[in-house]
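A.B. asks: the following comprises the amino acid sequence and a computationally predicted model.
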Amino acid sequence: MISIVSFSIILILTGCGGKNTPAESTQDKQLGLLSQTWKISSGGSVTLDGNPQTAWSGFQLAITGTKGGSTFNYTCTGRPPLGPWPASGTWKFGTDPVTQIIRIEDNLNMTYSVTPTTLQITFSYTGSGFTRVNQVAGTWVFNFGI
């Protein structure tokens, strides 16, 4: 009788192991945090070389993508006529996916910090193509809320 009970306990314990699902990649975790519509109007701010930029109060950055992918999308609304953001484009993670993203169209390296409710993106813009460069060149810091 003891052997039957012991055997039953062993069967139950070996059958209770969790599924062996692979851990979520760092990129997928970060994409999960980044994928939403970020708003300057939700307590955020924009600075250019440390100077507040009030024309950005209605700016929204929507980040989308599929976990496991290598490139992702973004769209911008409420952007002023002069600025370093195109209306839409693609991006990928940089060398450190926890702090770096790269805008693919102009190979712009950006540093970011994200929580479930805040996103900060910092970059130095010197390129051309979206606006009058001499009026938007410099170090930009975007602080978003949701």
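C.D. replies: Arrived safely. Numbers count the residues shown, from 1 in each chain.

A.B. asks: ok now do residue 119, which residues does it touch?
C.D. replies: 34, 38, 61, 112, 113, 142, 143, 144 (CB atoms under 8 Å, 6 or more residues apart in numbering). Bear in mind the C-beta positions are built from the backbone N, C-alpha and C, glycine included.

A.B. asks: how about the fourth one: what's its closest non-neighbour residue?
C.D. replies: Counting by CB to CB, 6 or more residues apart in numbering, the nearest residue to residue 112 once its immediate chain neighbours are dropped is residue 121, at 4.9 Å.

A.B. asks: again, but for the third one
C.D. replies: Ranked by CB to CB, 6+ apart and with sequence neighbours excluded, the top spatial neighbour of residue 61 is residue 38, at 4.7 Å.

A.B. asks: likewise residue 103?
C.D. replies: Closest to residue 103 by CB to CB, 6+ apart is residue 91, at 5.2 Å.

A.B. asks: what's the helix or strand for the one you found?
C.D. replies: For residue 91, the host element (DSSP states H and E) is strand 88-93.

A.B. asks: list the buried residues in that strand.
C.D. replies: 89, 91, 92, 93 (16 or more other CB atoms under 10 Å).

A.B. asks: who's in contact with it?
C.D. replies: With contact meaning CB under 8 Å, 6+ apart, strand 88-93 is reached by 27, 30, 63, 70-76, 100-105.

A.B. asks: note down every partner strand of it and its orientation.
C.D. replies: Partners of strand 88-93 in the sheet, by DSSP bridges, are strand 72-77 (antiparallel), strand 100-103 (antiparallel).

A.B. asks: redo the ones you listed as TSV? Include distance to residue 117, mean neighbour count and mean pLDDT.
C.D. replies: Below are the strands paired with strand 88-93 laid out as TSV (distance: least, CB to CB, whole Å; neighbours: other CB atoms under 10 Å; pLDDT from 0 to 100):
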stretch	distance to residue 117	mean neighbour count	mean pLDDT
strand 72-77	19	16	98
strand 100-103	19	19	98
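
A.B. asks: for residue 45, find the nearest of those strands.
C.D. replies: Of all those, strand 72-77 sits nearest to residue 45, with 16.5 Å by CB to CB.

A.B. asks: pull the residues that contact that closest one.
C.D. replies: The contact list for strand 72-77 (CB under 8 Å, 6+ apart) reads 31, 58-66, 85-92.
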